[in-house]
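Peer 1: The following block contains a protein sequence and its predicted model.
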Amino acid sequence: FAEVVVAPSMAEGANYIIQLTGIGGLVPNTVLVDWPEETEDDLFLDFVKILGFASDAEKAVLAVKGLKDMSLEDVKGEQSTIDVWWMIHDGGFLIL
């Protein structure tokens, strides 16, 4: 379902969406965000705040580099794969 919120900043809007999304017990456990290409202060600070909000809500985070430039045709296809790296609490990584 689509959600629309009005917020003073991107980070606050993401926080609202993280808290409001779901129907009853059917609640998503993952937040998808675009990895900032540039380290502009406002953009990078919003990214870090969104990571904090997602962590506080105990959500998994998928940070994708180049998400806004990725077309659906690039993702789907017979040979397409998506590699998911799971971060273990001991600091290690696991690929699925």
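Peer 2: Looks like it came in fine.
Peer 1: so how far is G52 from E38?
Peer 2: 20 Å (C-beta to C-beta, to the nearest Å). C-beta here means a position set from N, CA and C on the backbone, and glycine is covered the same way.
Peer 1: which helices and strands sit right next to whichever strand or helix holds A54?
Peer 2: For A54, the host element (DSSP states H and E) is helix 41-56. Applying 3 or more C-beta pairs under 8 Å, 6 or more residues apart in numbering; DSSP states H and E, one finds that helix 41-56 makes contact with helix 10-20, strand 30-35, strand 60-65.
Peer 1: can I get the CA coordinates of that helix in CSV?
Peer 2: Only the C-alpha atoms of helix 41-56 are listed here, as CSV (Å, rounded to 0.1, in the frame of the first residue of the first chain):
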residue,chain,number,x,y,z
ASP,A,41,25.8,17.4,4.7
ASP,A,42,22.0,17.4,4.6
LEU,A,43,21.6,14.3,2.4
PHE,A,44,24.1,12.3,4.4
LEU,A,45,22.7,13.4,7.7
ASP,A,46,19.2,12.4,6.7
PHE,A,47,20.6,9.0,5.6
VAL,A,48,22.2,8.5,9.0
LYS,A,49,19.0,9.6,10.8
ILE,A,50,16.9,7.1,8.8
LEU,A,51,19.3,4.4,9.8
GLY,A,52,18.9,5.3,13.4
PHE,A,53,15.1,5.4,13.2
ALA,A,54,15.1,2.0,11.5
SER,A,55,17.4,0.6,14.1
ASP,A,56,15.2,2.0,16.9
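Peer 1: Identify the residues contacting that helix?
Peer 2: Contacts with helix 41-56, where a contact means C-beta atoms under 8 Å, 6 or more residues apart in numbering, come from 9-11, 14-15, 18, 31, 33, 35-36, 38, 60-61, 63.
Peer 1: returning to what we had before: which of the helices and strands packed on helix 41-56 has the highest mean neighbour count?
Peer 2: Of those, the one with the most neighbours on average (mean count of other C-beta atoms under 10 Å) is helix 10-20, at a mean of 16.
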